[in-house]
Structures are given as C-alpha cells and as structure tokens.
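1. Below: sequence and its predicted model.
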2 protein chains.
Amino acid sequence: MPIKFEIEKEIPNALGRAGKIETPHGVIHTPAFVSVGTKATVKALTPEQIKETGAEVVLANTYHLYLAPGDLRVKEFGGLHKFMNWKGPMMTDSGGFQVFSLGAAYGKQISKIAKADEVRSEEEIAGSLAKVDEQGVTFKSHHDGSLHCITPEKSIEIQHNLGADIIFAFDECTSPMEDFKYQEEALERTHRWAQRSLEYHKQQTTNNRQPQALFGIVQGGREETLRKRSAEFMRSLDFDGFGIGGSFAKEDMETAVKWVNEILPKEKPRHLLGIGEPEDLFMGVENGVDLFDCVAPTRNGRGGTLYTSRGKINIRNAEFRDDQEPIDKKCQCNVCKNYTRAYLCHLYRAHEMLGGTLGSIHNLYFIINLVKKMRQAILENRFPQFKNDFLAKYWKE
Amino acid sequence: MPIKFEIEKEIPNALGRAGKIETPHGVIHTPAFVSVGTKATVKALTPEQIKETGAEVVLANTYHLYLAPGDLRVKEFGGLHKFMNWKGPMMTDSGGFQVFSLGAAYGKQISKIAKADEVRSEEEIAGSLAKVDEQGVTFKSHHDGSLHCITPEKSIEIQHNLGADIIFAFDECTSPMEDFKYQEEALERTHRWAQRSLEYHKQQTTNNRQPQALFGIVQGGREETLRKRSAEFMRSLDFDGFGIGGSFAKEDMETAVKWVNEILPKEKPRHLLGIGEPEDLFMGVENGVDLFDCVAPTRNGRGGTLYTSRGKINIRNAEFRDDQEPIDKKCQCNVCKNYTRAYLCHLYRAHEMLGGTLGSIHNLYFIINLVKKMRQAILENRFPQFKNDFLAKYWKE
C-alpha cells in the first residue's frame, strides 16, 4: 500500500475524525491543511520557511508543471521532491480544475467559491481555451497558445513523472451555473475518466516506480442525486482515498460535503479540493474531511490580507502605520514574534518582496495551525466548543 | 568610543589590511562586504537569510527611510535594528548619493560606475529633482513630488533617529562629467557640510542615545589634487572612520582609492561606498579599504545574473534548463547545496519570487565570502596569490 490511513478519534454524532496518513515521505496528521506549491514552489517561500509554518505536505499543480518546466524534466531530476528540495509528503492535482478555469471559467476570475451572477455568454464559450470530449481535454497553453491534450492516461503519466506521494484521477470540474443535463453528462464522463485513470495507474505500477497513492474525485456540483451517485461510484473503485471537487456556491458546500462523506468509506482519507477559509475548514472537518488545500493563505499573504483571530485585516491600511502590535497577538509564528504591523505595513507600501514572504509565512502558519488545533480539539473531545469559540471571535471583525 | 578598530595583519608592500571593528551590536571582521538593506529590508531576504549569507553588517538608506516610513516612526519603534529585526551591526548612508542620482544623474540610470558617454543636456539639468546650495539640498520626493530639504544637520538628525551603529556625514556626490571648477566648489561645500555634520553630531551626543560612530566622506572625483585635498581635510577632523565616495569611471577607481588611503589615518576604518564587483573588491582591499557596500549582488540576484567562480551567468538562459549542477560547484551556500541550475532557471522563467530570493542568497554569499577569503588570505600572507588565482578563473567567463 502506498499510504496507510488510521483514524485516532471521531467527533461524537458527526462525520469528523482525527487520524494520520503515512506516506513514503513521512506522516500527515489529519485533519491537515496542504500548502499549495503550484509551480514546484510555495510562492515566495523556501522549503525551510514552508516547514517553519508547520506544513507537513505540499500540493503542486499538474497542469502548470506539465507546461513548464515539463514533467519529463522533473522526472529526470529525480521527481518533484528533489527538484524543489521539499523532503516531506507531496501531492499533485489532476489538472481538472485548470481545465475548468481555462475553459468554462476563463477570464471570469471564478474561484472555488462561485459568485451568484456567473452566466456565460455565447462569446465567452466560443472564446474559451479548452474543449472537453470523451477522450480528454484539448486546450491552448496560456504561455504560448500551443495546443495540448490531456487525457486521463496522460494526467496519470504526468503525475507518475512528477512523482508525488498522492495523486488524483483526472476529472472535469463543472461550473455550478451549468444545467442539470450538462452536470450529469460531465459527471458520467468524470466517472469513466476515473476508471481509465485507475486502470492506467495500476498497469504502470508494475514498473520500478516509488509507490504513489491515487485518489478518485467526487463531482456532481450542487445536485444531491449527482453528488450521491458520484460518491457511490467512487467508493466502488479501488482508490486509496478521495477528493471532493467542484466550484461551490458557498451555501451549498456543507450539504454537498455531507452527502458525499456519508457515503464514502470511512477507512479512506478525503480531500476537499481548493477550500481554505477558516469557516469552511471548520465545516469540512466537522463533516469528515481529512485534507484541504487552497491558494488563499499565500495569495492573500502576497496581497497584504492577513488572518487574525479577529478576522482578516489589510495590513496596507494607514491605521497600521504606527501599530506596534504583531499581526495577531495570539499567534506564535516567527513573523508575529519578530515584527510589528507597522513594519509589515511599511514593506507592503514600499512594494518590498519581504512583505509577501512574511505575510505568506504568517497566513500559512495561521491556517495550518488552525486545522492542527481542530485536530487537537477532536482528540480532546471538544471540537464543537473550539469551533464556537474561534468563530465567535473571528466574525467580530 | 562608539566603535573600536583594530588591525590584525597587513599586506606587505601594500595599503591593505585585515582587522576588526567592534560596534555596539557586534564585531565586523574586515575587510567586509556590507549587505544593502535600502528600505530597512535586504530585498527578498529575511534577517535569518541575511545571516545565512555570512553577512555581519547591513547598510540602510537614509534618503529612502526619511521619505517612508519616516525616521521618526523608526525611532518610535526603537530604531532600525528593532524595526527590521536585524540584531547585528548596522550603517546608514548620508543621503548624498541619492541627491546625486535624483539631481545630476536623474533619469540617466547612472550607477556608481560612470559610463563614458554621460553628458547632460540643458533640459536634463532643468528637469532634475534636486537643487544644491550652501544650506543643503532641496528635492522633490520621488513618491509624491512633495518638496524636502536635507541639510547636514538634518541628515545627522535623521540618522540619529534611525539609530545605526555607523553613520555618514552629509556630502555631495558629483558626476565625473562635471568640470574641475564645479568639482572643486562641490568639494569645498562637502567639506563645510562634513564639519557641520560633525558639530551637530557632537552636540547631540549629550543626549541619552546609543553611541553612533560618524564617518566623514572623501570626495573629489577623478582629480588627484581634489582627492588628496579632501583626504587631508577629512583626516584633520575627529571622525571615527571614513567613506570614499564618488561616481567613478572604472579605470579611475584604483588611483583615486590609492591617493586617498595613503593620506587617511591608518588606525581608522575606510568604506568604499557603492562598490561591489569582484575585481573592484580585490583592488579596494589591496589598497586599504576595509568596508564595501553595493546593491549589485541583490539586484543581480533578483534579475537572474548569478556570480560563479568562472564569471557571471544569466540563469534564465535556455542552456540551464537541463543543467543538474549547482550555480557554482565550489560554492558552499545553501542554494548551491540544495538546488540545481535547472530549478533556478525554472523559477526565474516562471516569474516565481523564490528565484529572486535564492539568487540573492547565493550572490550575497558569494560576494561576502569572497571578501572573507581575501581577509583570510591577508592573515595567511597570500593575498596576491589568492587574487591572481581567483581572477584568472573569474575572467575565463
């Protein structure tokens, strides 16, 4: 077995649990927040700094690395771990979300949280950079316009070359604005792709590769029947764990996660893809999610939006120019121990790169540590109380 | 005494020496390369990373910090050391070079090394952002166009507020393209400013401030009579050490440094301002310079120009995409120990901030360590041989 998952404690009367995943590169204590290192780098941080945030695991993006520097190049260098000098557990995603964001969502700044007013015009559909068919997805590189095709087999081949500990089956992430008919078609296609991903993965494991765990991705948008059908289907296949995908309307996320996790087998880990705001992390953990990843902490960190136990602040604001306090008095990260809000405010206003680095370290520490505290609360049988206490202060923004 | 300078060993038949400067924040082993932290941050590096390069001392820029975040704000935070979390020795410059680059040199991308074809048009002079008179320099902020005046007294006041261990007298850095008459006028003015700087500094030291060493700056461009007159004048004043300023034509640098250091008192340290290329560092050390600072290692580092023992390389070049070697096989820095040229090439091409960070760490380590090796060579009586060996390989670019 490429990974071993063990549940240590459950939340009474809920789906949530604390556990650990053993991988060839070390243990992930769950629930855990996974740092995103899109192009084989967690933006603005060295691996030493990633570690300093408490991160146990990094997720890189298949789509980006396929285009540059190329998965074969990474393979020649002994895989992602060696290439980027990260010694702990790693994951790669399937590329499916990038297909969505380049296709249906291209140019619309759609994130994992859907906005209510997302309606595509005919022009937008015609101008999209990706075309989906049974075989896979054909798309234009955002670098140079060159044409590429990623099939389920190709996605797994790329992920084999990259060599992460946990990889994902190729999927289509639909827009929540698509109608039921399209959602259903896309879901059935994703299921066929999941089977093809798994078959290709099994065939290739006869090679002398390091063992890699393969997770299947449950889709189905906001539709109860589709989500449940997808969870049933995925549980029937021999995956090592599961992703829960989708671009969610925020209010639909909880029900979708519940529908899915009530069906998925308890003994395998579940990863809620692309979700990372504190309130969503509590919801996910409570409802049986073991892993989360999201660019929000680092993206916000580079932009100057910093997490505190009383909500997010924009550190560029004039009110912080003379503020001698740390970002968050309760935070134990190295940034909060050593720097004032005023210094950070100065760095961001002066466009100094160090601002983005320190902001990213703090934000990652804050979010990773928040999920670690949830884990501790589960182990100590006080998750509901911890959740209520944290969110009561957090929302007092 | 705010600092104590001790000579440990001299280069036979030359002006060069190895020594140490004790400051209130620790010892600087000389000759030493000083890292530049213009806006209270060595660009792209945390203080831990600065330390990792072997840096013992950081120089911040008075002009920039006066404008933002403001010297009074830094003072309120307990000075630069606390503000930026750098615990070792610090210097601030006088602001004089910025006056030059905003005035005579504005918009011409003139650096410390003058180009041969620098001739100012009338329009350029009229459009310059700074006006020099006996009182001081009046200039427009490059931020918001607001009008400011820095006098010698003001420069020292700002530097007192910033609180570095070593500060500089206010000076005018002329363009080497100015005629003798202007050079002489400017020099005499710089001498009067030096006296005013020193007087103001002495008056203010009755306050309860931490002791700060004041260095006077020798100017005089490429003119032998002026350089010598300036050195004679400066040695007559009670400075703790000296800067050698100027925008040099590269071929004039050595003679100017020699003229000056033959006159300056042996027992006080000398800082060649704004110089940092390997060949210039050898020249300076041989001719009795103890301290150097330059933005080149970090600026080059951010741009992808990296130092190696066989000359500089541009790591973005396609030839490095598959290069599994470190930047420099002989380098012992953490970047060379942990990363390939291919990974760095990928980071720069992908516009990842980590590229600039790793490149800056390597370059600073390379240059700082080169000067440390010169020091070691002086102590072991083999400076000329070390210089010849290094430059023979370095020029084989």
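-> Happy to help now that I have it.

2. ok, which residues in chain A are in contact with chain B?
-> A:39-41, A:43-47, A:49, A:68-69, A:73, A:76-77, A:83-85, A:321-322, A:324, A:338-340, A:342-343, A:345-347, A:349-350, A:352-354, A:356-358 (C-beta under 8 Å from any C-beta of the partner chain). Every residue, glycine included, has its C-beta placed from N, CA and C.

3. Sitting in strands, which of those do you find?
-> Assigned to strands by DSSP state E, none of these qualify.

4. filter these to the buried ones?
-> With burial judged by 16 or more other C-beta atoms under 10 Å in any protein chain shown, the buried subset of these is A:39-41, A:43-47, A:49, A:68-69, A:73, A:77, A:83-85, A:321, A:338-340, A:342-343, A:345-347, A:349-350, A:352-354, A:356-358.

5. The stretch 151-300 of chain A: strands as residue ranges?
-> For the stretch 151-300 of chain A, the strands defined by DSSP state E, counting those that start in this stretch occupy A:166-168, A:213-218, A:241-244, A:270-272, A:291-293.

6. Quick one: these as TSV, columns for mean neighbour count too.
-> As requested, these are exported to TSV (neighbours: other C-beta atoms under 10 Å in any protein chain shown):
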stretch	mean neighbour count
strand A:166-168	29
strand A:213-218	28
strand A:241-244	28
strand A:270-272	29
strand A:291-293	26
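
7. just checking, A:H201 touches A:E157?
-> No - shown here, A:H201 and A:E157 do not form a contact pair, counting by C-beta atoms under 8 Å, at 9.5 Å.

8. Mean pLDDT per element in chain A, and the minimum belongs to which helix or strand?
-> helix A:122-126 (a mean of 45; mean pLDDT, DSSP states H and E).

9. Pull the number of nearby residues for A:D179.
-> 8 (other C-beta atoms under 10 Å in any protein chain shown).

10. if we can go back for a sec, can the strands of the stretch 151-300 of chain A go into CSV with extra columns for mean pLDDT?
-> Putting the strands of the stretch 151-300 of chain A into CSV (pLDDT from 0 to 100) gives the following:
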stretch, mean pLDDT
strand A:166-168, 98
strand A:213-218, 98
strand A:241-244, 98
strand A:270-272, 98
strand A:291-293, 98
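
11. would you list those in TSV and tack on distance to A:K250?
-> Shown next, in TSV, are the strands of the stretch 151-300 of chain A (distance: least, C-beta to C-beta, whole Å):
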stretch	distance to A:K250
strand A:166-168	23
strand A:213-218	19
strand A:241-244	15
strand A:270-272	13
strand A:291-293	15
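
12. B:V132 is nearest to which of those?
-> strand A:291-293 (56.9 Å; C-beta to C-beta).

13. got a list of contacts for that closest one?
-> The contact list for strand A:291-293, computed with C-beta atoms under 8 Å, 6 or more residues apart in numbering or on different chains, reads A:28, A:30-36, A:57, A:59, A:91, A:269-276, A:281, A:284, A:371.

14. Report the separation between A:T174 and A:E185.
-> 9 Å (C-beta to C-beta, to the nearest Å).

15. between the strands of the stretch 151-300 of chain A, which gets nearest to B:A256?
-> strand A:291-293 (57.7 Å).

16. that older thread, pick out whichever of A:H201 and A:E157 has more residues nearby.
-> Under the criterion of other C-beta under 10 Å, the comparison of A:H201 against A:E157 puts A:H201 first, with 24 against 18.

17. Now do the contacts for the more buried one.
-> So A:H201 contacts A:156, A:160, A:167, A:212, A:214 (C-beta under 8 Å, 6+ apart).

18. With respect to A:R192, which of the residues you listed is nearest?
-> Looking across the contacts of A:H201 and measuring by C-beta to C-beta, the closest to A:R192 is A:I156, at 14.2 Å.

19. now that closest one: how far from A:G136?
-> A:I156 is 11 Å from A:G136, by C-beta to C-beta.

20. Overlap in contacts, those two.
-> A:F170.

21. More neighbours: those two, which one.
-> Neighbours were counted for A:I156 and for A:G136 using other C-beta under 10 Å; A:I156 has more, 27 against 23.

22. quick one, what contacts the more buried one?
-> Neighbours of A:I156 in contact, by C-beta under 8 Å, 6+ apart: A:167, A:169-170, A:197, A:200-201, A:204, A:214.

23. does A:C336 belong to a helix or a strand, and which?
-> helix A:334-338 (DSSP states H and E).

24. Show me which residues of that helix are buried.
-> Buried residues in helix A:334-338 (16+ other C-beta under 10 Å): A:334-336, A:338.

25. Residues touching it, excluding its own?
-> Residues contacting helix A:334-338 (C-beta under 8 Å, 6+ apart): A:52, A:326-329, A:344, A:358-359, A:361-362, A:365, B:47, B:85.

26. how about 6 Å then?
-> With C-beta atoms under 6 Å, 6 or more residues apart in numbering or on different chains as the test, helix A:334-338 has contacts from A:326-328, A:358, A:361-362, B:85.

27. Highest neighbour count among those residues?
-> Most surrounded of the contacts of helix A:334-338: other C-beta under 10 Å gives A:L358, at 30 neighbours.

28. Using PDB, write out every CA atom in the helix holding A:C336.
-> Taking C-alpha atoms only, helix A:334-338 is exported to PDB below (Å, rounded to 0.1, in the frame of the first residue of the first chain):
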ATOM      1  CA  ASN A 334       8.000  33.800  13.700                       C
ATOM      2  CA  VAL A 335       6.500  36.800  12.000                       C
ATOM      3  CA  CYS A 336       4.300  37.600  14.900                       C
ATOM      4  CA  LYS A 337       7.200  37.000  17.300                       C
ATOM      5  CA  ASN A 338       9.600  39.300  15.500                       C
END
